[in-house]
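> Fold the following and give me the result.
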Amino acid sequence: MKVFPFKIPKSGEEPLIYQEDIEVSFYDKLHQHEEIQISFIEKGEGAVFAGDTISQYQEGDILVIGSNLPHVFRSDVRENEVSVMRTLFFTFTSFGKDFFELSTFKTIYPLLESSKNGFIIHNAPKKVVKYFKKLKKADSCSRFILFLDILKWLSTTENEPLSNYLYHKKITDNEGKRMQTVFEYVMTNFHQNITLDEIASIANMTKNAFCRYFKVRTNKSFFQFLIEVRIERAAKLLSSNGELSVLEIAELCGFNNISNFNRKFKELKQLSPLQYRKINI
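The predicted model follows:
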């Protein structure tokens, strides 16, 4: 299967697609698709990389991923456990060219515009969880009504953006494979010292060419991306493991200098590691 583009499986001409993923790990290849994606995480946790940003997700979260926004899931795999995700896919024109521009949907249209960067909402309320759980057995008409209920709720709820930057060109299959290789290497080896020579070699490029390539597609340097991956992992450990010290977590996440770790953590999270732990554990 090609990494780019990814085709959402369809049955006939159904404009609204429902998909249920029950896997040890969600689809872990960098991909993009024309459809807007609304996913409810029923079970499981991990990280999602979308556009230029890596974010943590957990049970009860809702992710909205915009049309052609490159993204990849990285599930936290646990023995004898599966991850469950319920998803709706649709496009701006699934229900007619001007459907979402009708005055009826004036409060929903801004939501669809903001989906271009993707966003996440944590801890969905019970009524919204019920909407997603009813989707599987609903007939087409009932499913469409549930879809509108979900859109209405999303349009009135605060969210966190998944990406701050959009690469407007469609990414070729070769580019997708290269970026996938880089992401996989970083996610597997972020706790170690990764040099520019090393990562450029992984991408089969010269150092200068790789730096330009990565910056154009993510709007950040490779090492800024690496720091963000490390900080996200540190944040997860701080909020889930009260036994490890801040120093131990810093070292586990690839930081050899505790002062540098504290500084970078506060830059990205606006809190010190200890403050973050106190609020989230």
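
> Wasn't I231 part of a strand?
No: going by DSSP: H, G, I helix; E, B strand; the rest coil, the assignment for I231 is helix, not a strand.

> Pass me the low-pLDDT residue ranges in this protein, would you?
Scanning the chain for pLDDT under 70 picks out the ranges 1-12, 165-171.

> so where do the strands sit in it?
For the chain, strands defined by DSSP state E occupy the ranges 17-23, 36-43, 46-50, 53-57, 62-65, 71-75, 83-90, 119-121, 160-161.

> if you compare those strands, which one is most tucked away?
Greatest average neighbour count among the strands of the chain goes to strand 62-65 (a mean of 25), per mean count of other Cβ atoms under 10 Å. Where C-beta positions appear, they are placed from N, C-alpha and C, glycine not excepted.

> Remind me what it packs against, helices and strands.
strand 36-43, strand 119-121 (3 or more Cβ pairs under 8 Å, 6 or more residues apart in numbering; DSSP states H and E).

> so which of the strands of the chain gets nearest I279?
Closest to I279 of these is strand 53-57 (Cβ to Cβ; 14.6 Å).

> So what touches that closest one?
41, 45-49, 63, 120, 160-164, 225, 228-229, 232, 235-236 (Cβ atoms under 8 Å, 6 or more residues apart in numbering).

> so which of the strands of the chain comes closest to F105?
With Cβ to Cβ as the criterion, F105 lies closest to strand 83-90 of the strands of the chain, at 13.0 Å.

> Mind listing the strands that closest one pairs with, and their directions?
strand 17-23 (antiparallel), strand 36-43 (antiparallel) (DSSP bridges).

> Check the gap between the residue lying closest to A200 once chain neighbours are set aside and G66 for me.
Among residues not flanking A200 along the chain, F210 sits closest, at 4.1 Å (Cβ to Cβ, 6 or more residues apart in numbering). Distance, F210 to G66, using Cβ to Cβ, to the nearest Å: 27 Å.

> With distance to F214 as added columns, please give the strands paired with strand 83-90 in CSV.
Below are those laid out as CSV (distance: least, Cβ to Cβ, whole Å):
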stretch, distance to F214
strand 17-23, 29
strand 36-43, 25
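
> Of all those strands, which one is nearest Y109?
strand 36-43 (12.5 Å).

> For the residue most central in space within the chain, which residues are in contact?
Note on the chain: the residue nearest the mean C-alpha position is V48, at 3.0 Å, using Cα atoms, centre = their mean. The contact partners of V48, taken as Cβ under 8 Å, 6+ apart, are 54-55, 57, 63, 71-74, 120, 162.

> Ok, Y109 next?
Y109 sits next to 100-101 when contact means Cβ under 8 Å, 6+ apart.

> follow-up on the earlier one: compare the strands of the chain and report which one is nearest to V246.
Closest to V246 of the strands of the chain, according to Cβ to Cβ: strand 53-57, at 18.3 Å.

> burial of K133, as a residue count?
A count of nearby residues for K133, using other Cβ atoms under 10 Å, gives 13.

> Figure out the length between the terminal residues of stretch 117-125.
23 Å (Cα to Cα, to the nearest Å).

> Tell me which residues are up against that stretch.
Against stretch 117-125 from outside (Cβ under 8 Å, 6+ apart): 40, 48, 50-51, 55, 57-58, 60-66, 69, 71, 132, 154, 157-164, 166.
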